[in-house]
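> dropping a prediction and its sequence here:
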Amino acid sequence: MSHNRLELSPEQFRALALDAVEQCCDYLASLENRAIFPKTSGNESERLFSGDWPEDPLGAEALAGLRAVAEHSRAQNGRFFGYVLGSGEPVAALGDLFASVLNQNVTAWRSGPAAVTLERTVVGWMGRAIGCAGFGGSLTGGGSSANLMALAMAREAKLPANERGAQPGLFYASTEVHMSIPKALALLGLGRQNLRLIPVDSSWRIRVDELEQAIRSDVAAGRVPIGIVASAGTVNTGAIDPLGEIAGIARRHGAWFHIDGAYGALAAIAAPEKFSGLAEADSLSLDPHKWLYQPVDCGCLLYRDREAAGRAFSHTGAYAQTLNQDPVEGFAFFDESLELSRRFRALKLWLSLRYHGREQFRASIAGDLELARHLAKAIEPSGDFELLAPVELSAVCFRYRPANTVPANLNALNQAVLRRVIARGRVYLSNALLREQFALRACIVNHRTTQADVDEVLPEIRVAARDSQ
């Protein structure tokens, strides 16, 4: 009996690959004309995709299912303004295909020499591009895993727990902190109650006076500050905390300084003046699958001290020990990361960054920032819309407020309008809750978006509002 039934000949793979690539090309060619949210339902998607695993092979017929997958997926064209999600740059997608064919385990140089070297290279590129030259780091599944790793490093640096277990200690962040931070404290055994949430100012930035006072009060009560988490682009409004001032507070109190830059930090490539203080961080998360437009997943953790990463993550069984002492050939990501098996995330990034060059990415990020300002300028004199937060990066929080609307009804009105906008499929927005006000939220992290796309936002909302009545 043959043991190679899963093997394809090069000719078979070529035929399948050409079919798949042709479907990808057709999808991209039709992307701008597709409804952003598909006309589907939970029942319909279950009917199409939750059948049994076939006992007999479908062969090339299996690829026909890709068309149904595309028809029942959200289309991220230039009018997608939801969440903080990059737009899936196509050259990078080719890198993902090649990475899957190579099937490297990027755990140590000996497991994937080219893959490990490429990852260390692109991590260095990103660090230097945002003013953090000399930082080490690794690629992650996203900002949440990068933040978890950073807080583990902070805990082990300030209040070691790997051997004896977690001891009580505190982290500090603003009330606008990303949900991954309290989740990380829970996973690390520190508990969400040991995250001090500090009020924000009128620009949604952490109040450093309140931060200083909170730390002083805790120290006086005998509690241990482990770290401060600053935001370089909050998820709701894109606010950037005063990073330099927070770095000074962290130094005075011997606390670890982590910056959650998953949304905004890579915008420093185009607007470095907004991010003074990035290089003062002990650790920094950022997401190439946001503002470098990479296909998910592709996050990144940068850190100042490789030894701190080793203290947090190095625990190696005899079967995995690296015997080579050469600084390149003996390198192992598993000594600096929570992962052992790791995808070849760097290939798509390396391919995409080299294909387009830094200037094209800089221009695209700058364009996104300008398009957000363009939308804000259209909202301000409109008469039936109002901004609910300053536009610091590319998140625009606003609401529909037609004349004579009772203020108490505005939240319900805007929720109904948002549901109708999404159902219509022309423009995709998300939402935020800002001081109990329900906001429509357009976030532009999209290399496909044009001014014409942005100019559709307000008219589309007005149409949706009439349909909702």
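Now that the structure is in, tell me what you want to look at.

> make it CA atoms for all contacts and neighbour counts henceforth
Fine.

> got the buried residues for the helix or strand containing residue 310?
Counting by DSSP states H and E, the element that carries residue 310 is helix 306-313. For helix 306-313, burial by neighbour count (16 or more other C-alpha atoms under 10 Å) applies to 308-313.

> from the contact counts, what lies against it?
Using 3 or more C-alpha pairs under 8 Å, 6 or more residues apart in numbering; DSSP states H and E, the elements in contact with helix 306-313 are helix 143-158.

> immediately after the helix it packs on, which helix or strand?
With DSSP H and E setting the assignment, the helix or strand that follows helix 143-158 is strand 170-174.

> and that following strand, what other elements does it pack with?
strand 195-198, strand 225-231.

> switch to 10 Å and redo it
Judged by 3 or more C-alpha pairs under 10 Å, 6 or more residues apart in numbering; DSSP states H and E, strand 170-174 is in contact with helix 143-158, helix 180-187, strand 195-198, helix 208-220, strand 225-231, strand 256-260.

> mind listing the strands the fifth one pairs with, and their directions?
Strand 225-231 has these partner strands in its sheet, going by DSSP bridges: strand 170-174 (parallel), strand 256-260 (parallel).

> dump the last one to CSV, restricted to CA.
To tie it back to what came earlier, the one meant is strand 256-260. Taking C-alpha atoms only, strand 256-260 is exported to CSV below (Å, rounded to 0.1, in the frame of the first residue of the first chain):
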residue,chain,number,x,y,z
TRP,A,256,8.7,48.9,33.7
PHE,A,257,7.5,51.1,30.9
HIS,A,258,5.5,49.3,28.2
ILE,A,259,3.9,51.1,25.2
ASP,A,260,1.0,49.5,23.5
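
> how far is that strand from where the chain is centred?
Counting by C-alpha atoms, centre = their mean, to the nearest Å, strand 256-260 is centred 16 Å from the centre of its parent chain.

> so residue 19 lies in a helix, does it not?
Yes. Under DSSP: H, G, I helix; E, B strand; the rest coil, residue 19 falls within a helix.

> ok, back up a step: pick the most buried one from the strands paired with strand 225-231.
strand 256-260 (a mean of 29; mean count of other C-alpha atoms under 10 Å).

> avg pLDDT for it?
Strand 256-260 shows a mean pLDDT of 98.

> quick one, that strand and helix 180-187 angle?
Taking axes from the mean of the first three to the mean of the last three C-alpha atoms, to 10 degrees, one finds strand 256-260 and helix 180-187 inclined to each other by 130 degrees.

> pairing partners for the helix or strand just after strand 256-260, with directions?
Next in sequence after strand 256-260, counting helices and strands by DSSP H and E, comes strand 283-286. If you go by DSSP bridges, strand 283-286 pairs up with strand 256-260 (parallel), strand 299-303 (antiparallel).

> centre of the chain versus strand 283-286, how much separation?
11 Å.

> can you list the domains in this structure?
Per the record, the chain has its domains at 94-356, 358-468, by automatic domain parsing.

> residue 64 - how many residues pack around it?
By other C-alpha atoms under 10 Å, the residues close to residue 64 number 12.

> need the contact list for it.
19-20, 23 (C-alpha atoms under 10 Å, 6 or more residues apart in numbering).

> now do it against residue 454, distance only.
Look at residue 64 and residue 454: by C-alpha to C-alpha, to the nearest Å, they are 35 Å apart.

> and for residue 374?
8 Å.

> show me the shaky parts of the stretch 1-150 of the chain.
Flagging of the stretch 1-150 of the chain using pLDDT under 70 yields the residue ranges 1-3.

> can you map out the strands along it?
136-140 (DSSP state E, counting those that start in this stretch).

> C-terminal to the helix holding residue 310, what's the next element?
Later in the chain than helix 306-313, the nearest helix or strand by DSSP H and E is helix 346-356.

> buried ones in the helix or strand that comes right after that next one, by neighbour count?
Sequence order places helix 358-379 as the next helix or strand after helix 346-356, per DSSP H and E. Neighbour-count burial for helix 358-379 flags 358, 361-362, 364-373, 375-376, 378-379 (criterion: 16+ other C-alpha under 10 Å).

> stretch 60-67 now?
Across stretch 60-67, burial judged by 16+ other C-alpha under 10 Å covers no residue at all.

> could you do stretch 384-396 as well?
385-396.

> in contact with the residue most central in space within the chain, which residues?
Central residue of the chain (C-alpha atoms, centre = their mean): residue 287, 4.4 Å from the mean position. Residues near residue 287 by C-alpha under 10 Å, 6+ apart: 84-86, 139-144, 146, 260-266, 293-294, 296-301.

> how much space between it and residue 198?
With C-alpha to C-alpha as the criterion, residue 287 and residue 198 are 25 Å apart.

> residue 416: helix or strand, and which one exactly?
Going by DSSP H and E, residue 416 is part of helix 410-424.

> after that helix comes which helix or strand?
Next along the chain after helix 410-424, with elements defined by DSSP H and E, is strand 430-434.

> the helix or strand just after that following strand: which residues count as buried?
Next in sequence after strand 430-434, counting helices and strands by DSSP H and E, comes strand 437-443. Neighbour counts over strand 437-443 (16+ other C-alpha under 10 Å) mark 437-443 as buried.

> can I get the residues you listed in CSV with distance to residue 469 and pLDDT?
Converted to CSV, these look like this (distance: C-alpha to C-alpha, whole Å; pLDDT from 0 to 100):
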residue, distance to residue 469, pLDDT
437, 21, 97
438, 18, 98
439, 19, 98
440, 18, 98
441, 21, 98
442, 23, 98
443, 26, 98
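
> leaving out chain neighbours, which residue sits closest to residue 201?
residue 207 (6.0 Å; C-alpha to C-alpha, 6 or more residues apart in numbering).

> next up, the contacts around the closest residue in space to residue 332 that isn't next to it in sequence.
Closest residue in space to residue 332, ignoring its immediate chain neighbours: residue 108 at 3.9 Å, by C-alpha to C-alpha, 6+ apart. Applying C-alpha under 10 Å, 6+ apart, we find residue 108 in contact with 115-117, 320-322, 328-335, 340-342.
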